[in-house]
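Participant: coords please:
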Amino acid sequence: MKLETALLFDVETTGTDPTKDRVLEVGVGLFSIPHATMVRAASFLFHAEENPAEFVNGLSPALLARFGTRGEGDWSEVGDWFALGDVIVAHHASFDRSFVPRRIMEVEEPGPWVCSMDDIEWPRPSPSKSLVALCLAHGLGVARAHRALDDVLSLAALFERAAEMGSDLVAMLERAMRPKKKYRALVSFETNGLAKAAGFRWDPDGRMWWKTIVPEDLAGLALPFVVVEVVEAPAR
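Facilitator: As a prediction, the model looks like this:
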C-alpha cells in the first residue's frame, strides 16, 4: 500500500470507559505524507447536557448543548473522513479507536491505526510520552492542549518537524505499522523502574508491566530483565 495521506484523529470524552462514557468532540485532520503538511482539518461537537470531564477538556455543558449535534447525526460527518486516510494516526490510538462506533468502522473500512505514542519512533527522545512533552522535545511550542482539534494540530506540527529534521515520514509510518505483540516484563518491585525506563507500562488490573513490541525488534533491546509474550494484545 502506498502511503499518501494520514488521517490525524483525536476525541474528547466524558471519561475513559467506552461502555459508559460519551464522545463530546472529535478532531480530524487530513495530512499529506509526501508533502509533510496539513491539507485540511475540522472539529465536531456532540450534544451533551453535562460533562464530568470539563476540568480536563474545557468543554462546558452550555457549549455542548448549544452547538453539539444530536443522535445519529453526531458521527455522520465524521464518518466521511475515515475514507480519506491511508492510515489513521492518534495519540494513544487504542483509546480513541475504542470510542468510534462500530457502524462507522464497518461502513467506512478505515485504514490501519498507528499510535503516535507507542508505535512511532520520533527523532528526539522525550521524558514523557505525552503529546505535549513530545512537541516540547522537538522545539515546538504548545499554546493549547486537550481540545481535540488542538491535539490534531499539534500532531501535524510534530510530523512537520520530523520531516524538517530529515525523517522519512513514509518509512516512519511503515515501520510503525508492523504487527506487534504484547510482552510482559518479569521484574520485581525493586527493579520495576527498569521496565518503566524501557517504555513498559503498569497495568493495575493485570498487575504487570507490559509493552507492545515488534517481535523481531525484541532481541535488540538489550534489556536487563526478561520479557515473556502475553497472548492478547491491546486493540489497535
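Participant: can you list the weak-confidence ranges in this protein?
Facilitator: 72, 107-109, 231-236 (pLDDT under 70).
Participant: ok, now with 50
Facilitator: Confidence mapping of the chain against pLDDT under 50 gives the ranges 233-236.
Participant: residue with max distance from the center of it?
Facilitator: Residue farthest from the centre of the chain, counting by Cα atoms, centre = their mean, is E190 at 30.9 Å.
Participant: who's in contact with that residue?
Facilitator: Listed by Cβ atoms under 8 Å, 6 or more residues apart in numbering, E190 has no contact partners. All C-beta atoms are positioned from the backbone trio N, CA, C, and that covers glycine.
Participant: mind checking how far it is from K196?
Facilitator: As for E190, its distance to K196 is 13 Å (criterion: Cβ to Cβ, to the nearest Å).
Participant: Same question for L84.
Facilitator: Taking Cβ to Cβ, one finds L84 at 37 Å from K196.
Participant: okay, those two: which has more neighbours?
Facilitator: Neighbours per residue, other Cβ atoms under 10 Å: of L84 and K196, the larger number sits with L84, 18 against 13.
Participant: Need the nearest residue in space to the more buried one, chain neighbours excluded.
Facilitator: Among residues not flanking L84 along the chain, L30 sits closest, at 5.3 Å (Cβ to Cβ, 6 or more residues apart in numbering).
Participant: how's this structure carved up into domains?
Facilitator: Here the domain parsing of the chain from automatic domain parsing is 5-176, 181-230.
Participant: Pick the most deeply packed of the ones you listed.
Facilitator: domain 5-176 (a mean of 17; mean count of other Cβ atoms under 10 Å).
Participant: center of the chain, which residue is that?
Facilitator: Centroid-nearest residue in the chain: H91, 2.1 Å away (criterion: Cα atoms, centre = their mean).
Participant: Distance of that residue relative to G58?
Facilitator: Taking Cβ to Cβ as the measure, H91 falls 18 Å from G58.
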